[in-house]
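Chemist: Have a look at this prediction, sequence included:
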Amino acid sequence: MEHSLPREYDVIVLGLGALGSAAAYWSAKRGVRVLGLEQFELGHARGSSHDRSRIIRLSYFTPAYVQMAKEAYRAWASVEEDADERLVVKTGGLDIGLRGSSARMSEHVSSMRACGVPFEELDAAEIRKRWPCWHVRDDVHGVFQADAGIVAAERATDALRRAAIGFGATLHDRTPVTSIRAEAGEIEIEAVGTHYRAGKLIVAAGAWTNDVLAHFGRSLPIEVTKEQVIYFTPQDPAAFALGEFPIWIWSGEPSFYGFPLSGETRTIKITQDSAGKPVDARTRDFEEDAEIIARVRGFLERYLPGALGPVDLVKTCLYARTPDRDFVIDTLPGHANVSVAVGDGHAFKFASLIGRLLSDGAVEGCDLTPFKIARPMLSRFHDSEHDQRPATDG
Ligand SMILES: Cc1cc2nc3c(=O)[nH]c(=O)nc-3n(C[C@H](O)[C@H](O)[C@H](O)COP(=O)(O)OP(=O)(O)OC[C@H]3O[C@@H](n4cnc5c(N)ncnc54)[C@H](O)[C@@H]3O)c2cc1C
């Protein structure tokens, strides 16, 4: 069928959640012609990047992640400057769990030590002293890191897009990409009857990644799950005040995490990590899962009773999970001009940095080897029937 000449860009970004918006921002900041396309309205709640808050922290499982987290703070600072808006608030972060039951906490400690990140190891008495709302026995311990905090998720994604537009990017919402052709180093795509051509395509499609990769005859072993977060009105709001109470992650199986009081709503967000069931992003529902609420209530009754109160709000959100819970940040094999990023359930804190990596290809101090598409874990899980994915946390 005849069609009008395609519109020309240097880079097309497919998907404008946190990662795609960041890729559009950094690409436009470099001065290239950027087109960003989003299938739904900007800021929609069907993917992974909506809601008010995400945890940002330096305590991580490997030194490579700690190094990246350091760079992530710098990448957010750049967005804050360009968007003229504060997006990251430091609250301090508490990793907490039963002694001897969490390998993850010792990984965090050794990774931070390897990267020269200051932190404090706390016994139960010190935890109770600093935050009396934690009802912990002496078999509990913790690690406190002062730089951890909150990225204002929806505002940050919006700021990335605003800054991208400020640098000249063209962004279209309600524009699903329905066809992609890669020929002679050029990418041609179709969206809502319009054809676009570019030298480079960045795929940041979250839970829809495999629908997009199908245009290249490829897929990745990504499991999409419907997660949920719960906003409680605490019995004792003062104990959870921003500036007094840190973000926290209970390391263990199951793992839980939570935030201090949100100034706007007087509620606190808490949930169980990786508790969701597999869904298809195209057909998933938005119903709340009463079992997750019951497990979170049980945890709070035991350890943080002052947080318990009426449930104000429940929100659902998708994880696009890899088998090893490491991201994908790579070019598509056989297509050097197609980059792909998949953020698993913990990429928001890194979103600005990942956008820069997708746009520049390299940032000093960031080792992208763990995020290669060709890593053994991804090919092994392609064929596995027994998918035993580990839990991570925000
Ligand atoms: C409950 C929950 C809690 C989390 N907590 C944390 C946390 O505390 N800290 C942290 O760092 N991370 C956290 N994360 C993870 C983080 O939010 C995600 O890793 C991140 O938001 C992923 O962003 P994304 O851009 O890849 O995906 P998305 O935001 O889903 O964006 C992908 C976009 O691509 C669009 N798209 C797909 N196909 C097409 C197409 N054909 N045409 C056009 N557009 C298309 C989609 O509509 C979508 O908007 C959490 C996630 C959830 C769900």
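Modeler: Here it is on my side, so go on.
Chemist: Give me the pLDDT for the residue of the stretch 101-250 of the chain found nearest the ligand.
Modeler: Nearest residue of the stretch 101-250 of the chain to the ligand (Cβ to the nearest ligand atom) works out as residue 206 at 2.8 Å. Using the backbone N, CA and C atoms, a C-beta is placed for each residue, glycine as well. Among the per-residue scores, residue 206 shows a pLDDT of 98.
Chemist: Same question for residue 365.
Modeler: For residue 365, pLDDT reads 82.
Chemist: Which of the three states applies to it?
Modeler: coil (DSSP: H, G, I helix; E, B strand; the rest coil).
Chemist: Skipping adjacent residues, who's closest to it in space?
Modeler: The spatially closest residue to residue 365, leaving aside those adjacent along the chain, is residue 67, at 4.9 Å (Cβ to Cβ, 6 or more residues apart in numbering).
Chemist: from what I can see the one you found touches residue 116, true?
Modeler: No. With contact defined as Cβ atoms under 8 Å, residue 67 does not reach residue 116; the gap is 10.4 Å.
Chemist: Distance of residue 139 relative to residue 123?
Modeler: To residue 123, residue 139 is 10 Å away according to Cβ to Cβ, to the nearest Å.
Chemist: Of those two, which one has the most company?
Modeler: In this view residue 139 and residue 123 are compared by other Cβ atoms under 10 Å, and residue 123 has more residues nearby, 14 against 11.
Chemist: Give me the pLDDT value at the more buried one.
Modeler: Confidence at residue 123, expressed as pLDDT, is 97.
Chemist: so who does it touch?
Modeler: 138, 141 (Cβ atoms under 8 Å, 6 or more residues apart in numbering).
Chemist: so it bridges to which residues?
Modeler: Beta-bridge pairing for residue 123 (DSSP bridges): residue 141.
Chemist: Please apply the same query to residue 201.
Modeler: Residue 201 has these beta-bridge partners by DSSP bridges: residue 12, residue 338.
Chemist: Am I right that it is in contact with residue 336?
Modeler: No. Counting by Cβ under 8 Å, residue 201 does not reach residue 336; the two are 11.0 Å apart.
Chemist: Between these two, which is the more surrounded one?
Modeler: Per other Cβ under 10 Å, whichever of residue 201 and residue 336 has more neighbours is residue 201, with 27 against 10.
Chemist: how does this protein divide into domains?
Modeler: Split into domains by automatic domain parsing, the chain comes to 7-50+154-220+324-383, 90-148+223-321.
Chemist: got the contact list for the residue nearest to residue 4 when sequence neighbours are not counted?
Modeler: Sequence neighbours aside, residue 195 is the residue nearest to residue 4 in space, at 7.3 Å (criterion: Cβ to Cβ, 6+ apart). Taking Cβ under 8 Å, 6+ apart as the criterion, residue 195 is in contact with 3, 4, 5, 6, 7, 188, 189.
Chemist: next one: residue 226
Modeler: Listed by Cβ under 8 Å, 6+ apart, the contact set of residue 226 reads 276, 277, 279, 284, 285, 289, 316, 317, 318.
Chemist: near the ligand, which residues of this protein show up?
Modeler: 14-20, 37-40, 47-49, 54-55, 176-177, 204-208, 212, 227, 229, 317-319, 343, 345-349, 394 (Cβ under 6 Å from any ligand atom).
Chemist: Buried ones among those?
Modeler: For those, a burial check counting by 16 or more other Cβ atoms under 10 Å picks out 14-20, 37-39, 47-49, 54-55, 177, 204-208, 212, 227, 229, 317-319, 343, 345-349, 394.
Chemist: Which members of these are positioned in strands?
Modeler: Counted as lying in strands by DSSP state E, out of these, are 14, 37, 54, 55, 177, 227, 229, 317, 318, 319.
Chemist: Pull the most distant pair out of these.
Modeler: Among those, the pair separated by the greatest distance (Cβ to Cβ) is 55 and 177, at 30.9 Å.
Chemist: Helices of the stretch 1-150 of the chain, residue ranges please.
Modeler: In order along the chain, the stretch 1-150 of the chain carries the following helices (DSSP state H, counting those that start in this stretch): 18-29, 63-83, 103-114, 124-130.
Chemist: where among these is the average confidence lowest?
Modeler: Mean pLDDT values for the helices of the stretch 1-150 of the chain show the minimum at helix 103-114, a mean of 94.
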